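**Student:** whatever this is, show me its structure:
(2 chains)
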Amino acid sequence: MKVSQIAGFLGSGKTTAVMKIVDELMKRGRRMAIVVNDVGEINVDAKFIESHGLKAKEIAGGCICCQIAGTFSETLAKLHDAYDPEIVIVEPSGVAIPWGLKRAAEYSEAKADMVIEHAPVITLVDATRIDLLVKAVKRLVETQIREADVCFVNKVDTASAADIAKTEQLIKEINPKAEISHMSSESGHGIKYACDLIEKKISPRYDEAVEEELLKKQYKG
Amino acid sequence: MAEMTHIERVMAALTNAPADRLTTYPIACGVNRKLVNGGITYREWCHDPKLFAQAFIEGQKAFDYDFAIGLMDLSVMAGDLGAGVRMDEQNTPFVDRHIVNSPEDYEKFEVPDIKKGRSAVLLEGTKLYADKLKTEVITAGFLEGPLLALSQSAGAERMFMDMFTNPSAVHKALETMTAYDVEMVKGFGKTGVAGLCWDYLWANYSCLGDDQYEEFEGCKKYAVGLNELTTKEGMAVAIHSCADLPHLDTQIFKFKPAIYSMAYYPLIPGSPSATEVIEKGYADNCLIGGQIDPQLFIRGSVEKITQVTKDLCQEVKTALCKKGLQGKYCIASGCEVPPDVHTKMENIKAVVDTTKQYGKIDW
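**Tutor:** Alright, predicted model coming up:
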């Protein structure tokens, strides 16, 4: 089962993007499921989602280490057993930490007969509010950009060229390795490319082997 | 040195006096419900003060901890403030309906009646386990700080944005959260616990810088005042933070807690290890607790968690000895032992038993 995280701060357009991505992937014949942060924002299939308890709670700071990891991994295991989706789109809260979600997703392997793969972690950055985001929630936005495989500069149809350039520059400074692409979740621009990435590309698993090595060094083997 | 009682050991650790061994407390709270009446649900446990208390009492019998600290979950205050709480049978309850939809909503919060709701269950349950265990171990209550209670009620994303765009509205709500905390501190003061453990979760450099944290929680009006009230009510101040990049200078040097419990994330650059925390002086006047990965209690084997505990004992003993300190580190989980039905209870026992064996202070 492939898990695809679509991150971004509140107002970044991620809910619209998630629904369009799900729609496009379903048209391509994929069996889909979604785990969302706030069902209230989603007007499609909300009752279905609610009735199956498929929400993720807000995942904060280090809390992914204990309680939430269990809830999230349980949710994925239930999804697998009930629907056997090929791809699960996860729309985390803007305060979630992508590596924490990756790790928690992999925990679900112990609860269901499956192997988790990760699609590239996608972070949407709202170009129309880039100045506000940098002033108001810089650290949270930086965390999500730093951990992304692909950053989509969103709302390119309404943002000024200067704001788009500023957003791209910010992304490059924080995460030079991230691929940068453009999206307008409202018009649908960039949605097909996001779907291609989710279908075809893989993001590394949370690396317990690296963690093990670090700890070995710390304890001198 | 002759074997000490739990209370003698903790008091020695707190005062940096010689002790027989390091203290230990895997933060086993909700998971202890598996020991009550053959296993009860989370929903039952967090709604009934007797069952809540019984879990800590049974946990003490089974594992012989040095502490009993009564964390219920982080949605207690938000739920009593009116937020929707999803209450699964076996998962930790969590907020699934926030109650701030506009800046005006921040001003509508009111301190709930703490004699009702889960606040009352928490206080009554804490009193029950304190009555039973306080002559045996160091007991503490557990309470959400004002910023955490607000983020749980309003939604963290909204709150963080509103801290910038509508700071006065956020402050207004924080004043109500603080007033709620004041009531709870006074309530905990009557339970007989020796300490009160605060969860000041957002003191985390992944989210907030020093200035923002100072303005919205770290100041006298909020956390500093609450810490002072805790002491005035006869309880020692403890702080738990499972943040990846905690504000240690503020939370340890400025807040001066007796105990600070923390996590460690080896893959996050800058996440402080046990050695670093001790070397940098944070344990000089504070008993540090940590930093075993909580997920090991589900995913690790007994052999694995025994080895991890043994390594951690050795690491902190070396660092403490170099710093000229005694037992100022408690072998604990970095965050709560996952209250998951799959958590391996034998791993909790392994941590305690390994600390007893390898945590001996012999320098």
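**Student:** tell me which residues in stretch B:258-272 are buried?
**Tutor:** Under the neighbour-count criterion of 16 or more other CB atoms under 10 Å in any protein chain shown, stretch B:258-272 has B:Ala258, B:Ile259, B:Tyr260, B:Ser261, B:Met262, B:Ala263, B:Tyr264, B:Tyr265, B:Pro266, B:Ile268, B:Ser271, B:Pro272 buried. Using the backbone N, CA and C atoms, a C-beta is placed for each residue, glycine as well.
**Student:** among these, which one has the lowest pLDDT?
**Tutor:** Among the buried residues of stretch B:258-272, B:Ile268 carries the lowest pLDDT, at 82.
**Student:** doesn't that residue belong to a strand?
**Tutor:** No. Looking at B:Ile268 with DSSP: H, G, I helix; E, B strand; the rest coil, it is coil, so not inside a strand.
**Student:** okay, the spatially closest residue to it that is not a sequence neighbour: pLDDT?
**Tutor:** Excluding the flanking residues, the one nearest B:Ile268 by CB to CB, 6 or more residues apart in numbering or on different chains is B:Asp244, at 4.7 Å. pLDDT, B:Asp244: 86.
**Student:** ok, the one 4 residues further on next?
**Tutor:** With respect to pLDDT, B:Leu248 scores 97.
**Student:** go on, A:Gly62?
**Tutor:** pLDDT at A:Gly62 comes out at 40.
**Student:** the residue of the stretch 51-200 of chain B found nearest chain A in helix, strand or coil?
**Tutor:** Residue nearest to chain A within the stretch 51-200 of chain B: B:Phe164 (3.4 Å; CB to the nearest CB). Following three-state DSSP, B:Phe164 is assigned to helix.
**Student:** tell me how many other residues crowd it.
**Tutor:** The tally of other residues near B:Phe164 (other CB atoms under 10 Å in any protein chain shown) stands at 15.
**Student:** list the contacts of it.
**Tutor:** B:Phe164 is in contact with A:Leu132, A:Lys135, A:Ala136, A:Val137, counting by CB atoms under 8 Å, 6 or more residues apart in numbering or on different chains.
**Student:** so the helix or strand that contains the first one, near chain B or not?
**Tutor:** Element membership for A:Leu132, per DSSP states H and E: helix A:130-136. Yes. Contact between helix A:130-136 and chain B, assessed by CB under 8 Å from any CB of the partner chain, occurs at A:Leu132, A:Lys135, A:Ala136.
**Student:** show me which of those are buried.
**Tutor:** Of the residues of helix A:130-136 next to chain B, these count as buried by 16+ other CB under 10 Å: A:Ala136.
**Student:** scan chain A for its longest strand.
**Tutor:** Assignment by DSSP state E gives strand A:2-8 as the longest strand of chain A.
**Student:** which of the helices and strands in chain A ranks last by mean pLDDT?
**Tutor:** helix A:46-51 (a mean of 52; mean pLDDT, DSSP states H and E).
**Student:** now the element after that helix, going C-ward?
**Tutor:** Downstream of helix A:46-51, the next assigned helix or strand under DSSP H and E is helix A:67-83.
**Student:** any idea of the angle the helix or strand that that next one is followed by forms with helix A:67-83?
**Tutor:** In the C-terminal direction, the helix or strand that comes right after helix A:67-83 (DSSP H and E) is strand A:87-91. For strand A:87-91 against helix A:67-83, the angle between stretch directions is 150 degrees (axes from the mean of the first three to the mean of the last three CA atoms, to 10 degrees).
**Student:** so how far is the helix or strand just after strand A:87-91 from its chain's centroid?
**Tutor:** Proceeding N to C from strand A:87-91, the next assigned helix or strand is helix A:98-107, under DSSP H and E. Offset of helix A:98-107 from its chain centre (CA atoms, centre = their mean, to the nearest Å): 11 Å.
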